[in-house]
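Colleague: got a structure for you, letters missing:
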């Protein structure tokens, strides 16, 4: 598959890992820009600077193993690298892309579209652009729309009657690709994920007033200990509006919260839901205009146990991919290589099994994904 997602997100952190003489381990802190409050008048009150950060951890290792007998390698296998190692490298790179798209939608709260209805117009793209604008995402030519083959087909049809540059129309007509349109660079990726919503049950509501932070205590699920929500489910709360990143003013859009881990209810139907972003109604890191009221109902997006395709619109800096070249052992047939387009770094090692007369090759990579600016992303929900 074409690794459309991995090609366009940030992977500028690779040179921070595995530096000889300056190794930092498997974790890198990605600092966020501090926020400050503005006051008026001649009198100034100094503010404390609060540094915040997200972490990029290389916590995933993927491997492909292949083996051939010495007879096969001698008599049957020509162009070993081109025919076999290249296929293994493609499989690894594809797995990295799958993991990245899974992380991306599960970390993203903003959403547009209908999980039950395929798009017939480009309104969803304009709505996604508006949400990025309201989240203060830069308008710098680095916004991307990564969509499934099914949505690409529908979007191409919707775009045909619209005014567009002749170059873009020619590309759509001759290549079936969209290019740049509606403020996004459009990319088809076969790895766009499908999400299965939680089983739910009952009518969950906020358990107590004035809650803040990254966990929301709720009641009202069906009175039984059972799985309720899945990681990646989203919901809104009445009168809890998203705050503008810089001004703290209401955007007029209800804040969408993402469930960051699977949730089960207790026997009485209560549960603690881990969420992102945190409920922060005051201060320079304000995310919402108010805390939810006690008894406020959760409006869960999607249908219980149904599935939805999770296309995603985002700014390049919303997500990052980190990789490091794995150690190459001495006195072995081994090498490291990195693709400059995607940042994918892959190691190959071949050794000989004398007991079974087998040449065994492992092809592997070490990587990690993070979402330092998930507010700069929007899910586009389709069937």
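Modeller: Nice, thanks for sending it over. Computed from a prediction, not measured in an experiment: that's the story for all the values here. Numbering: from 1, shown residues only.
Colleague: I'd like the distance from stretch 264-275 to the chain centre, please.
Modeller: 25 Å (Cα atoms, centre = their mean, to the nearest Å).
Colleague: buried ones in that stretch?
Modeller: Across stretch 264-275, burial judged by 16 or more other Cβ atoms under 10 Å covers 265, 269, 271, 273, 274, 275. Quick note: C-beta positions are derived from backbone N, CA and C, even for glycine.
Colleague: before we move on, which element is the fourth one in?
Modeller: When you say that, I think you mean residue 273. Element membership for residue 273 (DSSP states H and E) is strand 271-279.
Colleague: distance between that strand and the chain's centre?
Modeller: 18 Å.
Colleague: same for the host helix or strand of residue 235, what does it pack against?
Modeller: Element membership for residue 235, per DSSP H and E: strand 234-236. Packed against strand 234-236 by the contact rule (3 or more Cβ pairs under 8 Å, 6 or more residues apart in numbering; DSSP states H and E) you find strand 257-259, strand 299-300.
Colleague: how close does residue 93 get to residue 204?
Modeller: Going from residue 93 to residue 204 by Cβ to Cβ, to the nearest Å gives 40 Å.
Colleague: what is the burial count for the closest residue to residue 236 other than its chain neighbours?
Modeller: Closest residue to residue 236 apart from its sequence neighbours, by Cβ to Cβ, 6 or more residues apart in numbering: residue 254 at 4.2 Å. Applying other Cβ atoms under 10 Å, we find 18 residues neighbouring residue 254.
Colleague: so what's residue 254 bridging to?
Modeller: residue 241 (DSSP bridges).
Colleague: I'd assumed residue 237 was in contact with it.
Modeller: Yes: using Cβ atoms under 8 Å, residue 254 makes contact with residue 237 at a distance of 7.1 Å.
Colleague: pLDDT score assigned to residue 33?
Modeller: If you check residue 33, the pLDDT there is 67.
Colleague: residue numbering should commence at 23 henceforth.
Modeller: With the count now opening at 23, the last piece we talked about shows up as residue 55.
Colleague: can you tell me which of the helices and strands packed on strand 256-258 is most buried?
Modeller: For those, the largest average neighbour count (mean count of other Cβ atoms under 10 Å) is found in strand 279-281, namely a mean of 24.
Colleague: what lies in contact with that strand?
Modeller: 128-131, 220, 238, 251-259, 295-299, 396 (Cβ atoms under 8 Å, 6 or more residues apart in numbering).
Colleague: now do the helices in the stretch 73-222 of the chain.
Modeller: Taking DSSP state H, counting those that start in this stretch as the test, the helices found in the stretch 73-222 of the chain are 92-97, 102, 108-129, 145-156, 171-181, 188-197.
Colleague: next up, the contacts around the residue nearest the centre of the chain.
Modeller: The chain has residue 126 as the residue nearest its centroid, 0.9 Å off, counting by Cα atoms, centre = their mean. Counting by Cβ under 8 Å, 6+ apart, residue 126 makes contact with 27, 334, 336, 340, 341, 391, 393, 399.
Colleague: and these, which of them are buried?
Modeller: Here, 16+ other Cβ under 10 Å leaves 27, 334, 336, 340, 341, 391, 393, 399 buried among the contacts of residue 126.
Colleague: wait, which of these is closest to residue 173?
Modeller: residue 334 (10.9 Å; Cβ to Cβ).
Colleague: show me where the protein dips below the pLDDT cut-off.
Modeller: Within the chain, the segments meeting pLDDT under 70 span 23-24, 34-48, 50-57, 71-75, 97, 183-200, 363-365.
Colleague: pull up the pairing partners for the strand holding residue 295, direction included.
Modeller: Strand pairing (DSSP bridges) places strand 293-301 next to strand 235-243 (antiparallel), strand 279-281 (antiparallel).
Colleague: as TSV, those with distance to residue 108 would be great.
Modeller: Output for the strands paired with strand 293-301, formatted as TSV (distance: least, Cβ to Cβ, whole Å):
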stretch	distance to residue 108
strand 235-243	43
strand 279-281	37
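Colleague: and among those strands, the most buried is which?
Modeller: The most buried one of the strands paired with strand 293-301 (mean count of other Cβ under 10 Å) is strand 279-281, showing a mean of 24.
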